[in-house]
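Colleague: predicted model follows, preceded by the sequence.
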Amino acid sequence: MYKELAICIVLIIFIFIGDNITQKYTQQSIEKLTNELEQLEQNLKNGEKEEAEKKTEEINENWEKMHNKLAYYIEHDELEKVETYFTTCQSFTRTGNYDLAISELEKTIFVLDHITDKYSFNLENIF
């Protein structure tokens, strides 16, 4: 009886620790990416084409690194939405359609915020 109880307690502790680690990584990654996307938005609003193109490449590289780790525990559909919107934003940036690029950029930021809300540990998500 005590052995089973001890195993259950250890498993619950591991679950909470794992959730805490993944939640911190998710929040840090998405916060970093959101800040970079907001900088890109400022570049697009100011019409800085070269800076915007450099920033999109930098964001794309950072996203690839983050995506590989986030894919372990976040639904692929959510990550795919971010990739789709950001890729669309990149193509609009390359073609000079800054208004459409900003629109797709805002969608990307919204989906990223949704991911942090969806995977945060709170009563709404538990029940």
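Modeller: Yep, that arrived. Numbering: from 1, shown residues only.

Colleague: use CA for all of it now, contacts and neighbours both
Modeller: Will do.

Colleague: tell me which residues in stretch 11-26 are buried?
Modeller: Asp19, Thr22, Gln23, Thr26 (16 or more other CA atoms under 10 Å).

Colleague: what sits up against stretch 83-93?
Modeller: 44, 49, 52-53, 56, 98, 100-105, 107-108 (CA atoms under 8 Å, 6 or more residues apart in numbering).

Colleague: identify the farthest-apart pair in those.
Modeller: The distance between the two most remote of those (CA to CA) is 20.4 Å, for Lys49 and Lys107.

Colleague: from the contact counts, what lies against the longest helix along the chain?
Modeller: Longest helix in the chain, counting residues (DSSP state H): helix 2-45. Counting contacts by 3 or more CA pairs under 8 Å, 6 or more residues apart in numbering; DSSP states H and E, helix 2-45 packs against helix 49-70, helix 98-118.

Colleague: Throw the ones you listed into a markdown table and include mean neighbour count and distance to His76, thanks.
Modeller: Converted to a markdown table, the helices and strands packed on helix 2-45 look like this (neighbours: other CA atoms under 10 Å; distance: least, CA to CA, whole Å):
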| stretch | mean neighbour count | distance to His76 |
| --- | --- | --- |
| helix 49-70 | 15 | 9 |
| helix 98-118 | 18 | 11 |
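
Colleague: just put the ones you listed in CSV and tack on distance to Thr87.
Modeller: CSV is the format used below for these (distance: least, CA to CA, whole Å):
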stretch, distance to Thr87
helix 49-70, 9
helix 98-118, 9
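
Colleague: would TSV of these with mean pLDDT be doable?
Modeller: Listed next are those as TSV, based on pLDDT from 0 to 100:
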stretch	mean pLDDT
helix 49-70	90
helix 98-118	91
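
Colleague: nearest to Asp77 among those would be which one?
Modeller: helix 98-118 (10.7 Å).

Colleague: and the angle for the closest one with helix 2-45?
Modeller: 160 degrees (axes from the mean of the first three to the mean of the last three CA atoms, to 10 degrees).
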